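> I need the structure of the sequence given here:
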Amino acid sequence: MTTTRLLMLLILLAPAACSGGGTPVTAVNGTLLGKALVPADAFSSPLAAWPFVRITSYAGACGLEAAGATKASSSNLLFAFLTSPIFPGKQTSSFALSAPADVDVHFATYDAMCNTAGSLDNGATGTVTLSKGDATGIDGTFDLVMGGSGDHITGSFSAPACALPLPDAGAPDGGAGCL
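Residues are numbered from 1 along each chain as shown. Next up is the predicted model:
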């Protein structure tokens, strides 16, 4: 195999290695800010200091995240777990200050210039139940009412682990920008 063909093969296979290699087993039922989020990809960072799952409306999400890029005209749903390590079982989410929470939930949409077109950052109430949380990824289900909008969503995710670079606190933002 020539060097050129090998390089082309690696470029084609790289997104599959980052995104879990195919159509994610992920579903989001209900609407967020009046629109359905049709999942095209999901990934997780299960071993991070703050483990998370991100469900996106676009494919190749792990690679874009690793490059520091934002996908134009996209949406994503983020589950940020407040404890590490995470364990299978029920995690609660609440935007009431008096209620303990195990996970923060955020939703954002971006326009064609990657500006935030809408977001729900007021948290959510409900549950996220994990069936798996280990070095290979995070799987689970959710039943949530989003704060600020009252949107009710349910669903499931199977989010393979994504190897993300550690941020360099002294370096300027070297991300890929808006793609």
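
> the strands in this protein, which residues?
27-29, 41-45, 52-56, 69-70, 75-81, 89-93, 103-110, 116-120, 124-134, 137-146, 152-160, 177-178 (DSSP state E).

> Check which helices and strands the third one sits against.
This points to strand 52-56. Helices and strands touching strand 52-56, by 3 or more C-beta pairs under 8 Å, 6 or more residues apart in numbering; DSSP states H and E, are strand 41-45, strand 75-81, strand 152-160. For every residue, glycine as well, the C-beta is placed using N, CA and C.

> Turn these into a markdown table, columns for mean neighbour count, distance to Thr56 and mean pLDDT.
Output for the helices and strands packed on strand 52-56, formatted as a markdown table (neighbours: other C-beta atoms under 10 Å; distance: least, C-beta to C-beta, whole Å; pLDDT from 0 to 100):
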| stretch | mean neighbour count | distance to Thr56 | mean pLDDT |
| --- | --- | --- | --- |
| strand 41-45 | 27 | 5 | 93 |
| strand 75-81 | 22 | 5 | 91 |
| strand 152-160 | 20 | 10 | 94 |
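
> for the most centrally placed residue in the chain, what are its contacts?
Nearest to the geometric centre of the chain sits Arg54, at 0.6 Å (C-alpha atoms, centre = their mean). Neighbouring residues of Arg54 by C-beta atoms under 8 Å, 6 or more residues apart in numbering: 42-44, 61, 65, 76-79, 159.

> lowest-confidence stretch among the strands of the chain?
Lowest mean pLDDT of those: strand 89-93, a mean of 61.

> re earlier: ok, the contacts of Arg54 vs Thr127, which is closest?
Among the contacts of Arg54, Phe79 lies closest to Thr127 (C-beta to C-beta), at 11.2 Å.

> ok, and the closest non-adjacent residue to the closest one?
Excluding its sequence neighbours, the residue lying closest to Phe79 (C-beta to C-beta, 6 or more residues apart in numbering) is Val53, at 4.4 Å.

> Fine by me, we can end here.
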